[in-house]
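[1] A structural model of the following input is requested.
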Amino acid sequence: MNKYSLMRVVSKRDTILSVKKDRILSMDITESLFQALTLFGLGMTFVFSFLGLLMIAVKLMAKYIPADKPVVNNRASNKKAAAATATTSTSEINPQLIAAITTAVQQYRKIEAA
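    Below is the predicted model of the structure:
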């Protein structure tokens, strides 16, 4: 390759780059808005479809995968139930406890009213 052919190649490349640069700079507002709306539409479509698929997956999992049942300690629950029924059935409510609660409520209302 001689010196003049090299200059022709470089000159041709610079011309192509300047044409592309002018094309980008001369992009008018309608083309910019169209490109922006296209990207906006594609992004919103992607997000909407992803969230839709996520909802479907969650609903299917809720339908076909059973929920964990809580572990119940039968011995402890039986003791608590027996103690609760024995306490309420065999004894009355302590009148001193009722008097203490009534006094506390009256004092609270006096403080709040002031």
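[2] and Pro66, what helix or strand is that in?
    Using DSSP states H and E, Pro66 sits within no helix or strand.
[3] next up, the contacts around it.
    For Pro66, the contact set (C-beta atoms under 8 Å, 6 or more residues apart in numbering) is empty. The C-beta positions use only the backbone N, C-alpha and C, and glycine is treated the same way.
[4] tell me the pLDDT of Lys69.
    At Lys69, the pLDDT value in this model is 75.
[5] next up, phi/psi of it, please.
    Here is the backbone geometry of Lys69 (degrees, to the nearest 10): phi -90, psi 140.
[6] average pLDDT for the top helix by length along the chain?
    Ranked by residue count under DSSP state H, the longest helix found in the chain is helix 29-64. Helix 29-64 comes out with an average pLDDT of 95.
[7] ok, now stretch 102-114?
    Computed over stretch 102-114, the average pLDDT equals 90.
[8] quick one: buried residues of it?
    For stretch 102-114, a neighbour-count test (16 or more other C-beta atoms under 10 Å) marks nothing as buried.
[9] put the alpha carbons of it into CSV.
    Taking Å, rounded to 0.1, in the frame of the first residue of the first chain, the C-alpha atoms of stretch 102-114 are listed here in CSV:
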residue,chain,number,x,y,z
THR,A,102,-61.0,-0.9,90.6
THR,A,103,-58.7,1.3,92.6
ALA,A,104,-56.1,1.3,89.9
VAL,A,105,-58.7,2.2,87.2
GLN,A,106,-60.1,5.1,89.4
GLN,A,107,-56.6,6.5,90.0
TYR,A,108,-55.8,6.3,86.2
ARG,A,109,-59.0,8.2,85.3
LYS,A,110,-58.2,10.9,87.9
ILE,A,111,-54.7,11.4,86.4
GLU,A,112,-56.1,11.5,82.8
ALA,A,113,-58.9,13.9,83.7
ALA,A,114,-56.4,16.4,85.2
